[in-house]
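Predicted model follows, preceded by the sequence.
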Amino acid sequence: MFSSRLPDLSSNRLSRAIESARAFVDLTESNPTQAGFDYPRDLLDPLSRVEALTYTPSPFGALDARRAVAADYARQGLCVAPERIVLTASTSEAYSLLFKLLADAGDEVLVPRPSYPLFDHLTRLDTVVARPYALDYHGRWSIDVDSIERAATPRTRAVLVVTPNNPTGSYISRDECDWLASFCGNRGIAIVADEVFADYALDTNAAAGSGRVVIQDRALAFALGGLSKSAGLPQVKLGWIAAGGPAAQVDEALRRLDVICDAYLSVSTPVQIAAAELIARGEDIRSQIVERVRANLHTLHARIAAVPACSVRHTEGGWYAVLQVPSFEPEEDLVVRLLTEHHVLAHPGYFFDFPRESFLIVSLLPRPGVFADGIERIARHFDCTSVV
């Protein structure tokens, strides 16, 4: 009766353990609105403007809202024309629109490993095949270009990059961006770059040296952004796609994307009316988040430095950190043990498709005291384990 595109919905051991846990320190928090930041009470007032009572549908979104997004790119030093910007309700929707644009059922997109597990669901829902390519760690995470060459087939339609990546925190460098543009441009493959964490630099040198696919002109490319991360406002549901690459290819892509977007018209009028003010006022929330994640990362390094059995992988940006820990037991056993015995929850590495064990992924969003408490619980577990 139901589509095979849906995943197995049965609960697993970890989810059952979380449901059974009474109280624990949550180091997986990803929702900024639940993390104790100071949101002005009037921040969402622009959503109630009287202009929103008039509905004027536009497949790509209101031009004034797209101009506001273009101005935000200008803040980042990038020149993107409003006409090359498409508004969406979320980054997830942006992926779905682009899969519809670029791929037929059974076509392939290359996705980074490790990376965010949502790709498996999004590709499957759009009947696209996800083929992994590797990120390697040699003091910093970088793209294994040989793995892209091995993974690409005649049915490859796009290479997905997340910059900075979730959870490794790695930006794509300018050299990597240049290589991707050449590789994809020569093969008629598009680049889709998820840049939602671009403003959250933890290594300013890496951020300054990062590549931005939307300003190259060798391959058709799409950059994704949105208020969920850039302004800490996941509830207002506004994202965007910025198109770049050879002019003729961009024009043809936008012509076809217009048809797809016109079939959905998913972005609400109130958020389009409010876009310019929400983007501008989001700077205050973003500054709070940057200060928090940097402080928590410092706390993490300071405490884990005293645990010889563990190490923190270098992260360049974003909201997450990766801990490499001893492989005394399977990751799932470890995470369940930390939850049931030490009352702290972290993500296991396999959740993000790490190719080997053992890793823990922690969010840097929690309140500083909560974060320090959670890291202390993890550190104490490995202090004891290393002695035994």
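Nice, I can see it.

So, low pLDDT: which residues of this structure?
384-388 (pLDDT under 70).

can you rerun that using 50?
Counting by pLDDT under 50, the chain has low-confidence residues at 385-388.

For the longest strand seen in it, what is the distance to the chain centroid?
Scanning the chain for the strand with the most residues, using DSSP state E, yields strand 129-137. Here the centre of strand 129-137 is set off from its chain's centre by 15 Å, with C-alpha atoms, centre = their mean, to the nearest Å.

And stretch 319-327, by the same measure?
Per C-alpha atoms, centre = their mean, the centroid offset for stretch 319-327 relative to its chain is 18 Å.

now do stretch 59-66
23 Å.

picking that back up, so what strands line up beside the longest strand of the chain?
Sheet pairing for strand 129-137, assigned by DSSP bridges, gives strand 108-113 (parallel), strand 141-143 (antiparallel).

pull the CA atoms of it into PDB?
Extracted C-alpha coordinates of strand 129-137, given in PDB (Å, rounded to 0.1, in the frame of the first residue of the first chain):
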ATOM      1  CA  VAL A 129      20.700   7.400  -5.900                       C
ATOM      2  CA  ALA A 130      23.200   8.800  -3.400                       C
ATOM      3  CA  ARG A 131      26.800   7.600  -4.000                       C
ATOM      4  CA  PRO A 132      29.400   8.500  -1.400                       C
ATOM      5  CA  TYR A 133      32.700  10.200  -1.800                       C
ATOM      6  CA  ALA A 134      35.200  10.500   1.000                       C
ATOM      7  CA  LEU A 135      36.400  13.300   3.200                       C
ATOM      8  CA  ASP A 136      39.900  12.500   4.500                       C
ATOM      9  CA  TYR A 137      41.500  13.800   7.700                       C
END
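
residues in contact with that strand?
106-115, 119-120, 123-124, 141-144, 147-148, 150-151, 153, 155-156, 159, 165, 168, 170, 313, 353, 355 (C-beta atoms under 8 Å, 6 or more residues apart in numbering). Glycine gets a C-beta too; all of them are placed from N, C-alpha and C.

in that strand, what's buried?
129-135 (16 or more other C-beta atoms under 10 Å).

cool, stretch 258-268 as well?
Neighbour counts over stretch 258-268 (16+ other C-beta under 10 Å) mark 261, 267-268 as buried.

again, but for stretch 48-56
Counting neighbours by 16+ other C-beta under 10 Å, the buried set in stretch 48-56 is Ala52.

Just the residues contacting it, thanks.
62, 269-270, 273-274.

Also stretch 279-288?
By C-beta under 8 Å, 6+ apart, the list of residues contacting stretch 279-288 reads 32, 37-40, 43, 68-69, 71-72, 199-200, 227, 230-233.

What does His242 show for phi and psi?
Check again: residue 242 is Ala, not His. phi -110, psi 130 (degrees, to the nearest 10).

go on, the one 3 residues further on?
The phi and psi values for Gly245, taken as degrees, to the nearest 10, are phi 120, psi -170.
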